[in-house]
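Asks: Any chance you can model this:
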Amino acid sequence: MKIETWLTPNAAGQSERAPASVAVVIDVLRATTVATTALSAGAKSITTCGEIEEAFAMKTAADPENKPLLCGERGCQPIVGFDYGNSPGEYSPAGIGDRDLVLTTTNGTAAIQAAQECEQMWLACFANLSAVIDRLVKWHAANPNEASFARIVCAGTNGCVTTEDVLLAGAIIAMCHQRLADSPRFYDGPIELLNDSGAIALSAWQHCITHDGVNSSETLAERLKLTQGGKNLIAANYAGDLVDCGSIDVFELVPTRDQRSPARFVAG
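Replies: As a prediction, this is how the structure comes out:
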């Protein structure tokens, strides 16, 4: 399996971005966790956009009998006039079941836009980690083409690398190796890292396990408190979201793009 990793959405110049077979977009705190939670709670679809004005325009243009719910944040805070913010705990079946959502966030939806040149796009978080690995392994088995590769895209924060996204990228790489390899030694194959960012992410995850003692959802949530994204949420009074975002393998679905522009995701 060939894997290319972007530690931020602007990791490569536009001219250098060859279309990926699969793009796996990560925004642990909190967009991809929210998307996974919402679809698991029964939302019909999630359409993403980059600007607040676009979200309002989508709602205005929608069928009066099927107006979408507006969801998202700016600077960690809910957006005035929106129905929901960006906390996973807000998304319950009673509130969003069988509804279409429009989501715009500071970093996650921008990463989705930056990664759009791909055949398939999935959203990953710790809460659906094993489901993402299952999808990648199945995709790899069905795509022996030498040119096929998966791209992991970390949303980061305001253009900067964030530890929480790098850790999940590393976990995805490590778990794909565990599922596909005969040897515990990573560089014995069968994962081929197409750039050094993947090796950096893998090392960060391995360090997190061996030195930071992360071996459960509880210890991961504690580790997330130490990241810049975690500190931002704590300062904005959203420390409770770190428990939801650090929960591992809560959901079995993977948000899957079924429309490119604007990008729309359904349960996969």
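Asks: Could you count how many residues lie near G95?
Replies: Neighbours of G95 under the rule other Cβ atoms under 10 Å: 15. (Glycine included, C-beta is placed from N, CA and C.)
Asks: Now do the SS call for it.
Replies: Three-state assignment for G95 (DSSP: H, G, I helix; E, B strand; the rest coil): helix.
Asks: Strands of the chain, residue ranges please.
Replies: All strands of the chain, identified by DSSP state E, fall at 2-6, 20-26, 45-48, 69-74, 77-78, 100-104, 118-124, 150-154, 192-193, 255-259, 264-267.
Asks: so what does the second one touch, helix or strand wise?
Replies: Taking 3 or more Cβ pairs under 8 Å, 6 or more residues apart in numbering; DSSP states H and E as contact, the helices and strands that strand 20-26 lies on are helix 108-114, strand 118-124, helix 129-142, strand 150-154, helix 163-180.
Asks: Export only the CA atoms of that strand, formatted as PDB.
Replies: Extracted in PDB, the C-alpha atoms of strand 20-26 (Å, rounded to 0.1, in the frame of the first residue of the first chain):
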ATOM      1  CA  ALA A  20      -5.000  10.500  -5.200                       C
ATOM      2  CA  SER A  21      -6.900   7.200  -5.500                       C
ATOM      3  CA  VAL A  22      -8.200   7.800  -1.900                       C
ATOM      4  CA  ALA A  23      -7.900  10.800   0.300                       C
ATOM      5  CA  VAL A  24      -8.400  10.300   4.100                       C
ATOM      6  CA  VAL A  25      -9.100  13.700   5.700                       C
ATOM      7  CA  ILE A  26      -8.400  14.200   9.400                       C
END
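Asks: Contacts for it next, please.
Replies: With contacts defined as Cβ atoms under 8 Å, 6 or more residues apart in numbering, strand 20-26 is touched by 4, 32, 108, 111-112, 115-125, 132, 136, 139, 143, 145, 147-155, 165, 168-169, 172.
Asks: so how far is P144 from the nearest residue to S261 once chain neighbours are set aside?
Replies: Nearest non-adjacent residue to S261, counting by Cβ to Cβ, 6 or more residues apart in numbering: Q116, 7.4 Å away. Distance of Q116 to P144, computed by Cβ to Cβ, to the nearest Å: 25 Å.
Asks: picking that back up, wait, isn't the residue nearest to S261 in contact with P262?
Replies: No - Q116 is not in contact with P262 according to Cβ atoms under 8 Å; the separation is 9.9 Å.
Asks: Show me where this protein dips below the pLDDT cut-off.
Replies: Filtered on pLDDT under 70, the chain yields the residue ranges 12-16.
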